[in-house]
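Asks: below are the sequence and a predicted model for it; my questions follow.
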Amino acid sequence: MKKYAIVGTGSRGILSYAVPMAEEYTDCVQIVGACDSNIKRARLVSEYTKVDVPAYTDFDLMLKETKPDVVIVTTRDCAHAEYIIKALEFGCDVISEKPMTTTDEMCSRIIETERRTGHKVTVTFNCRFFPFYVRIKELINEGLLGDILSVHFEWLLDTSHGADYFRRWHRRRENSGSLIIHKSTHHFDLVNWFLEQEPVKVNAYGTRRFYGPTREERSERCLTCPYKNKCEFYVDIHTAEGGNQKRIYLDCEDVDGYYRDGCVFADEIDIEDSVSVNVRYSGGTVMSYSLTAHSPYECMKIVLNGTKGRLEADTAFGKENIKYYNRRGEEFNYNHYNRKPMPGGHGGSDTALRNNLFRGYDSDPLHQMADTRAGAMSIGIGIAANKSMAEDRAVYLSEWLGKYYD
């Protein structure tokens, strides 16, 4: 039985960790504390789990009083490093939501602290547990493609999912590092995992032309917006996520003034909604990547070009497709992979990830569990992309990671 403390009790901390921990892992998990800058949200852990979990706003005090074995970090991205470092120095292992952090300086501090303390940071990349991506990884490992020469990767967020990042704290670069870190870290990690290579050099371009102050009919938030009856981006915070947004955010905003339903056309939005990135990898593979946060439909499209053939995979219109073309021009369909459907968020991948986190694993043949190196390499592309856009140049990850990883 291990003792766990959670810092960051928004919807991810409560619904993806605290509730399943209290319901499904009582034989190996004890939640000993919950910390949040908003005390009302911290107290919601007890309400949601039906377990008496002490609530804190002081992280240091929580560590001192509860003495957890492991700390789960689900705060705003920009705060991850602070809590990871404090937990490591206190003597805890850490489970951090992706991205591990948002800047090169904070990434360096995490790596240095982990090495100095000897305690471990695990970064949660649930995409590595999707049956769809697992099957692609298996096909690559079986040698279907031979050496992978190039990758073309496109991720489309529709104006439901994509817009939501522009309603909440993610829309400010100081909080999230932008979508190229917060969201794309998933995608960069997938490619790093598929290739078993590490990114070396990055060049990027980005724009914001859809969200932000692009229309006159806008307001501070959806709840009080005078245009809500005709705005296609209006959301009702009372009913969103089955009422969880009201309970976790609206009912707690009197403490900190945080609006979960901010206007997607606000002046303060300073992150890109369209990004194009080029990456060169350590093994010679090159990748072209694009993220669009305002697509008419949601979809992932990836192409892997290898010495033996070409794999095309996509999730267009609710269907998962994997096709392979060999050098003789033959087409093979791999859509009927073993899906192993599981309950839980993100298509069941959250459940698979939690099983590994809390129950452990005897072997990890596909290397699905990610450490600080994997965390650093995924955000490394995003950090380099941000530098590239800001400084109008190509950026090498060795500029800050070279002293840690050869």
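Replies: Structure's in. What do you need? Residues are numbered from 1 along each chain as shown.
Asks: and the residue nearest the centre of the chain, how far from D77?
Replies: For the chain, the residue nearest the mean C-alpha position is K98 (4.1 Å; C-alpha atoms, centre = their mean). K98 sits 9 Å away from D77, taking C-beta to C-beta, to the nearest Å as the criterion. All C-beta atoms are positioned from the backbone trio N, CA, C, and that covers glycine.
Asks: returning to what we had before: please name the residues that touch the residue nearest to the centre of the chain.
Replies: Contact analysis of K98 by C-beta atoms under 8 Å, 6 or more residues apart in numbering lists 123-125, 185-186, 189, 375, 378.
Asks: and with 10 Å instead?
Replies: For K98, the contact set (C-beta atoms under 10 Å, 6 or more residues apart in numbering) comprises 77, 80, 123-127, 181-183, 185-186, 189, 370, 374-375, 378-379.
Asks: low-confidence ranges, the stretch 151-300 of the chain, go.
Replies: Applying pLDDT under 70 to the stretch 151-300 of the chain flags no residue at all.
Asks: how about the helices of it, start to end?
Replies: Taking DSSP state H, counting those that start in this stretch, the helices of the stretch 151-300 of the chain run over residues 161-164, 173-176, 179-182, 184-195, 244-248, 253-256.
Asks: just the CA trace of the second one, in CSV.
Replies: Same thing as helix 173-176. Output of helix 173-176 as CSV, limited to C-alpha atoms (Å, rounded to 0.1, in the frame of the first residue of the first chain):
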residue,chain,number,x,y,z
ARG,A,173,1.5,31.2,-23.0
GLU,A,174,2.8,31.8,-19.5
ASN,A,175,0.4,29.1,-18.2
SER,A,176,0.7,26.4,-20.9
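Asks: counting contacts, what elements does it pack onto?
Replies: Helices and strands touching helix 173-176, by 3 or more C-beta pairs under 10 Å, 6 or more residues apart in numbering; DSSP states H and E, are helix 179-182.
Asks: count of neighbours near S274?
Replies: Around S274 there are 17 other residues, counting by other C-beta atoms under 10 Å.
Asks: now do it against Y211, distance only.
Replies: Per C-beta to C-beta, S274 is found 10 Å from Y211.
Asks: find the residues that touch each one of these two.
Replies: Common neighbours of S274 and Y211 (criterion: C-beta under 10 Å, 6+ apart): 293-294.
Asks: quick one, what contacts R247?
Replies: Counted by C-beta under 10 Å, 6+ apart, R247 has contacts 11, 14, 41, 44, 47-48, 238, 241.
Asks: just list the residues touching A374, thanks.
Replies: Contacts of A374 by C-beta under 10 Å, 6+ apart are 98, 100, 122-123, 125, 128, 189, 192-193, 198, 367.
Asks: in the helix or strand hosting it, what's buried?
Replies: Using DSSP states H and E, A374 sits in helix 372-391. Under the neighbour-count criterion of 16 or more other C-beta atoms under 10 Å, helix 372-391 has 372-389 buried.
Asks: look up how far L139 lies from the residue in the chain sticking out farthest from the centre.
Replies: Taking C-alpha atoms, centre = their mean, the residue of the chain most remote from its mean C-alpha position is R328, at 38.8 Å. Counting by C-beta to C-beta, the separation of R328 from L139 is 18 Å.
Asks: next one: E232
Replies: Distance, E232 to L139, using C-beta to C-beta: 40 Å.
Asks: higher neighbour count, those two?
Replies: Higher neighbour count among E232 and L139: L139, with 20 against 7, using other C-beta under 10 Å.
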